[in-house]
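Undergrad: Build me a model from this:
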Amino acid sequence: MGREIDYGNLMHDAMRGLIRKVLLDVADRGLPGNHHFFITFDTSHPDAELADWLSDRYPGEMTVVMQHWYDGLDVTEDGFSITLNFGDAPEPLYIPYDAIRTFVDPSVEFGLRFEQQESDDGASTTSAVVPVAKASPPEPDLDAAETEDKPQDAQIVSLDSFRK
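TA: Sure thing, here's the model as predicted:
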């Protein structure tokens, strides 16, 4: 069979590049205005780094909130490290871009969802990226997260109906 263009993975790369650029700007200049991020990531990703108690509590995925307090944001080519406050306990995290499942900025109703799809051999592969026009942030997993000003009645748009 001939070579095909892998649009799904190309979109993933582009959208992860967008997240990287946003985080680089925040690392340089801080979060502007009311911007804040809900980031859901795969805690079992081989390159994710988090405290054992967090990975035990959230063995599949976890949503973190980057808003009022964060420290040590360091953005690299493959991911970012950050220290967040979990119930008055600062914890360092390293989140690879490949581990991100959703990235939402509810202040401007922007969000991305990275869909996962199982291949024929049972391995998880990337498929389409779904831009979310009017994004409702995922419920954060931690009590310390601040969630005021969440948009209501959000609509998530899926590209599944356009796939062949």
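Undergrad: Helices of the protein, start to end?
TA: Under the criterion DSSP state H, the chain contains helices at 7-29, 52-57.
Undergrad: Export the longest one to CSV, keeping only CA atoms.
TA: The one in question is helix 7-29. Output of helix 7-29 as CSV, limited to C-alpha atoms (Å, rounded to 0.1, in the frame of the first residue of the first chain):
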residue,chain,number,x,y,z
TYR,A,7,-3.3,14.3,9.2
GLY,A,8,-4.3,13.2,12.7
ASN,A,9,-0.7,13.2,14.1
LEU,A,10,0.1,16.3,12.1
MET,A,11,-2.8,18.1,13.9
HIS,A,12,-1.7,16.7,17.3
ASP,A,13,1.8,18.1,16.7
ALA,A,14,0.5,21.5,15.7
MET,A,15,-1.9,21.7,18.6
ARG,A,16,0.8,20.6,21.1
GLY,A,17,3.0,23.3,19.5
LEU,A,18,0.3,25.8,20.2
ILE,A,19,0.2,24.7,23.9
ARG,A,20,4.0,25.0,24.1
LYS,A,21,3.9,28.6,22.7
VAL,A,22,1.2,29.6,25.1
LEU,A,23,3.1,28.1,28.1
LEU,A,24,6.4,29.8,26.9
ASP,A,25,4.6,33.1,26.9
VAL,A,26,3.2,32.5,30.4
ALA,A,27,6.6,31.4,31.6
ASP,A,28,8.1,34.7,30.3
ARG,A,29,5.3,37.1,31.2
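Undergrad: Just the buried residues of that helix, please?
TA: Buried residues in helix 7-29, counted by 16 or more other CB atoms under 10 Å: 8, 11-12, 15-16, 19-20, 22-23, 26. From N, CA and C alone the C-beta is placed, and that goes for glycine too.
Undergrad: Which neighbouring elements make contact with it?
TA: Applying 3 or more CB pairs under 8 Å, 6 or more residues apart in numbering; DSSP states H and E, one finds that helix 7-29 contacts strand 71-75, strand 100-105, strand 110-118, strand 124-132.
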